[in-house]
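Engineer: Build me a model:
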Amino acid sequence: MAFHHIRFPLDIALGARGGPERKTEIVTLAGGGEKRNGRWAHSRRRYNAGYGVKSRADMQVVLAFFEERRGRLHGFLWRDGLDHSSGGAIPHPQDQALGIGNGLRTQFQLLKRYGATFDPYQRAITKPVAGSVRIALGGVEQVTGWSVDATTGIVSFAVPPAAGASVTAGFLFDVPVRFDSDRLDIELNGFDGAEIPSIPLVEILP
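Structural biologist: Residues are numbered from 1 along each chain as shown. Model (predicted):
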């Protein structure tokens, strides 16, 4: 088992469907009321890449990618066409808050916040796109003095941010996933036509 730092073919991924999944237990009480309990602290994303396969050429690309990953064995990168940025299309260094400096701490995890009013959810971003990360301290962009690990999403500062300094970031990111089946069902529907109705993918959580 390993993680291959390679992205699923982007042109095929853009035709996919999917999104976040949660696990909630609901118990109906004797009086008709209910109790709800969230079993997962974090959502897990699922996708079906089969909708993006439009031709025999697409099928061949997916087949080769699937075989090299050995089915479900090895993970890879996935670009979620609807959720792959810290904010807008172009990342801004103040898009997302990572924390507050204390004069000692040098490492901060890239995070993306969802919601604002009731119970915002913070998602750890572990696969930032190389070259896309921008960092600011106290609202001032920092061009040097830091680095980011593209395999974990951890930002490391050469000098600890000063106490009280806000640490913010902007970035593009991919989702770490694996195939959720060890089988591909391929349909040939013409001289140059092919379909793979179902290519299930599931997010790999830290």
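Engineer: Would you mind measuring from Val167 to Arg46?
Structural biologist: Computed with CB to CB, to the nearest Å, the distance linking Val167 and Arg46 is 32 Å. (C-beta placed from N, C-alpha, C; glycine too.)
Engineer: So which of those two has more stuff around it?
Structural biologist: A side-by-side neighbour count of Val167 and Arg46, using other CB atoms under 10 Å, places Val167 first with 21 against 16.
Engineer: Go ahead and confirm that one touches Ala97.
Structural biologist: Yes - counting by CB atoms under 8 Å, Val167 sits close enough to Ala97 to count as a contact (7.4 Å).
Engineer: so which strand or helix has the closest residue to Glu141 other than its chain neighbours?
Structural biologist: Excluding its sequence neighbours, the residue lying closest to Glu141 (CB to CB, 6 or more residues apart in numbering) is Pro93, at 4.5 Å. Assigned by DSSP states H and E, Pro93 falls within no helix or strand.
Engineer: domains for the protein, by residue range?
Structural biologist: The chain breaks down into these domains under automatic domain parsing: 1-84+174-206, 85-173.
Engineer: Now the weakest link among the ones you listed, please, by mean pLDDT.
Structural biologist: Comparing those by mean pLDDT, the weakest confidence falls on domain 1-84+174-206, with a mean of 94.
Engineer: what pairs with the residue positioned nearest the centre of the chain across the strands?
Structural biologist: Residue closest to the average C-alpha location in the chain (CA atoms, centre = their mean): Val175, at 2.6 Å. Partner residues in beta bridges with Val175, using DSSP bridges, are Trp78.
Engineer: and the residue lying closest to Lys54 once chain neighbours are set aside, which of the three is it?
Structural biologist: Distance criterion CB to CB, 6+ apart; nearest residue to Lys54, sequence neighbours excluded, is Gly15 at 7.3 Å. Here Gly15 takes the coil state, with states given by DSSP: H, G, I helix; E, B strand; the rest coil.
Engineer: How much space separates Gly15 from Asn102?
Structural biologist: The span separating Gly15 from Asn102 equals 46 Å under the rule CB to CB.
Engineer: just Gly81 next, same as before
Structural biologist: Distance from Gly81 to Asn102, counting by CB to CB: 38 Å.
Engineer: Phe171 too?
Structural biologist: Noted for Phe171: a distance of 23 Å to Asn102, by CB to CB.
Engineer: repeat for Ser85
Structural biologist: From Ser85 over to Asn102 the distance is 29 Å, taken as CB to CB.
Engineer: Just give the number of residues close to the nearest residue to Phe179 once chain neighbours are set aside.
Structural biologist: The spatial neighbour of Phe179 that comes closest, neighbours along the chain excluded (CB to CB, 6+ apart), is Arg72 at 5.1 Å. The number of residues packed near Arg72 is 16, by other CB under 10 Å.
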